[in-house]
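Novice: Got a sequence here, can you model it:
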Amino acid sequence: MKKDFDLLVIGEINPDLIVQGKEIIPEFNQTEKLIEKVSLTIGSSSVIMACGAARLGLRVAFIGLVGDDLFGQFMIKKMQSHGLNTDGVVIDPDLATGISIILTKPTDRAILTFPGSIPELGMAHINFDLLDRTRHVHVGSYFLIEKLRRDLPEMFKTAKEKGLSTSLDTNWDPHNRWDIDSVIPFVDILFPNENELRKLTGKTDLYAGLERMSKVIPLLVVKLGEKGAILKRGDQIIESSSIKVKVIDTVGAGDSFDAGFIYGYLNGMDLQECLRIACICGSLSTKSSGGTESQAALDDLIAYGIDPNTLNYINGRA
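Specialist: Purely as a prediction, here's the structure:
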């Protein structure tokens with residue numbers, strides 16, 4: 001049966017207030033510092049990933065929760081302008097939309113997040129009709145969606161019973177618990193970065209962490225920043241380098257990486273090509289401030305050597 005959507009993303013919704021400069025570390029005692037730039041942009045790992053996938057041509061729907069306020073309205077309008085179906089976004093007038101304040105340097109960042117509506121997303125907000133209408137479901141910021149996290153194993157199980165593939169990007173755990181045991185049996189693709197893999201496995205060595213986590217995950221894809229990425233499926237290990245760009249802002253690079261990989265995966269590309277596309281998407285996203293301004297389109301992939309014949313997305317989508 002043909003599906004209406006290629007990808008359903010479930011996760012947090014919040015804008016990012018991005019503060020840029022060389023001297024961005026604040027000081028108390030009423031000290032004032034001048035910064036170089038500030039901007040209000042699309043935020044949240046899950047939304048940035050969804051926008052990246054839509055930019056590449058996937059049909060993307062989103063499920064999330066916002067408050068009935070300026071930040072919530074800003075995000076819904078921006079999501080729609082990027083081609084996302086927001087029928088699954090719930091507006092709760094009793095909640096405030098979350099926001100992240102990001103202090104960013106060219107090669108690093110610090111994030112202060114007001115969760116707001118983010119942890120309140122629960123099963124009652126899930127439009128299960130969208131599960132029937134999509135091919136793949138992706139969940140981001142696992143440790144922030146506190147209510148839904150308890151029921152996510154059952155939801156992923158239901159998705160898999162309906163024939164969907166699943167992916168998870170845990171992102172950072174602000175509580176430092178790193179417990180994903182309950183959902184792991186229902187995850188097809190896991191997208192940690194190198195530091196997150198260390199936390200999830202307790203292994204400081206990259207390859208030891210790969211070995212341990214790949215025993216319970218069918219496809220483990222690890223982001224290595226400017227070094228590229230590595231994946232492991234069974235005994236198979238594949239590596240890919242990043243591309244060189246002038247880095248302006250690393251916010252959302254890992255989310256754009258996820259989008260590129262899922263694009264290739266749903267296109268039926270081999271894993272080497274999926275990983276290469278993901279690295280291109282992650283690298284290009286750093287060329288501008290914010291997570292979505294420089295996200296890759298298909299022409300960008302072709303410019304970096306991806307065979308255009310592999311990018312003609314299936315017209316008769318299954």
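Novice: any idea which helix or strand carries the residue nearest the centre of the chain?
Specialist: Geometric centre of the chain, nearest residue: residue 255, 3.4 Å, by Cα atoms, centre = their mean. Following DSSP states H and E, one finds residue 255 within helix 253-266.
Novice: Quick one: the strands in this protein, in order.
Specialist: Along the chain, counting by DSSP state E, strands occupy 5-10, 15-20, 37-42, 60-67, 85-92, 99-105, 108-114, 134-140, 165-169, 189-190, 219-223, 229-233, 236-240.
Novice: Please produce JSON lines containing the ones you listed, extended by mean pLDDT and distance to residue 52.
Specialist: Every C-beta, even on glycine, is put in place using the N, C-alpha and C of the backbone. Formatted as JSON lines, the strands of the chain follow (pLDDT from 0 to 100; distance: least, Cβ to Cβ, whole Å):
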{"stretch": "strand 5-10", "mean pLDDT": "98", "distance to residue 52": "10"}
{"stretch": "strand 15-20", "mean pLDDT": "90", "distance to residue 52": "15"}
{"stretch": "strand 37-42", "mean pLDDT": "92", "distance to residue 52": "11"}
{"stretch": "strand 60-67", "mean pLDDT": "98", "distance to residue 52": "9"}
{"stretch": "strand 85-92", "mean pLDDT": "98", "distance to residue 52": "15"}
{"stretch": "strand 99-105", "mean pLDDT": "87", "distance to residue 52": "18"}
{"stretch": "strand 108-114", "mean pLDDT": "84", "distance to residue 52": "18"}
{"stretch": "strand 134-140", "mean pLDDT": "98", "distance to residue 52": "11"}
{"stretch": "strand 165-169", "mean pLDDT": "98", "distance to residue 52": "12"}
{"stretch": "strand 189-190", "mean pLDDT": "98", "distance to residue 52": "15"}
{"stretch": "strand 219-223", "mean pLDDT": "98", "distance to residue 52": "14"}
{"stretch": "strand 229-233", "mean pLDDT": "98", "distance to residue 52": "15"}
{"stretch": "strand 236-240", "mean pLDDT": "98", "distance to residue 52": "17"}
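Novice: Quick check: which of the ones you listed is nearest to residue 288?
Specialist: Among the strands of the chain, the nearest to residue 288 by Cβ to Cβ is strand 37-42 (9.7 Å).
Novice: Contacts made by the closest one with the rest, please.
Specialist: With Cβ atoms under 8 Å, 6 or more residues apart in numbering as the test, strand 37-42 has contacts from 15-21, 48, 51, 74-75, 78-79, 82, 289-293.
Novice: What of stretch 224-239?
Specialist: Contacts of stretch 224-239 (Cβ under 8 Å, 6+ apart): 193-194, 206, 210-211, 213-214, 218-223, 240-242, 250, 253, 257, 271-272, 275, 278-279, 282.
Novice: okay, now residue 181: neighbour count?
Specialist: 9 (other Cβ atoms under 10 Å).
Novice: how near is it to residue 158?
Specialist: 19 Å (Cβ to Cβ, to the nearest Å).
Novice: got the residue ranges for the helices in the chain?
Specialist: 45-55, 70-81, 128-132, 146-161, 194-201, 206-214, 253-266, 271-284, 298-303 (DSSP state H).
Novice: Out of those, flag the one nearest residue 104.
Specialist: Among the helices of the chain, helix 253-266 comes nearest to residue 104, with 11.4 Å by Cβ to Cβ.
Novice: With just CA atoms, put the closest one into PDB.
Specialist: Taking Å, rounded to 0.1, in the frame of the first residue of the first chain, the C-alpha atoms of helix 253-266 are listed here in PDB:
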ATOM      1  CA  ALA A 253      24.900  19.400  12.200                       C
ATOM      2  CA  GLY A 254      24.200  16.000  13.700                       C
ATOM      3  CA  ASP A 255      20.500  16.400  13.000                       C
ATOM      4  CA  SER A 256      21.200  17.200   9.300                       C
ATOM      5  CA  PHE A 257      23.500  14.200   9.300                       C
ATOM      6  CA  ASP A 258      20.600  12.000  10.400                       C
ATOM      7  CA  ALA A 259      18.400  13.400   7.700                       C
ATOM      8  CA  GLY A 260      20.900  12.600   5.000                       C
ATOM      9  CA  PHE A 261      21.400   9.100   6.200                       C
ATOM     10  CA  ILE A 262      17.600   8.400   6.400                       C
ATOM     11  CA  TYR A 263      17.200   9.900   2.900                       C
ATOM     12  CA  GLY A 264      19.700   7.400   1.500                       C
ATOM     13  CA  TYR A 265      18.300   4.500   3.600                       C
ATOM     14  CA  LEU A 266      14.700   5.100   2.400                       C
END
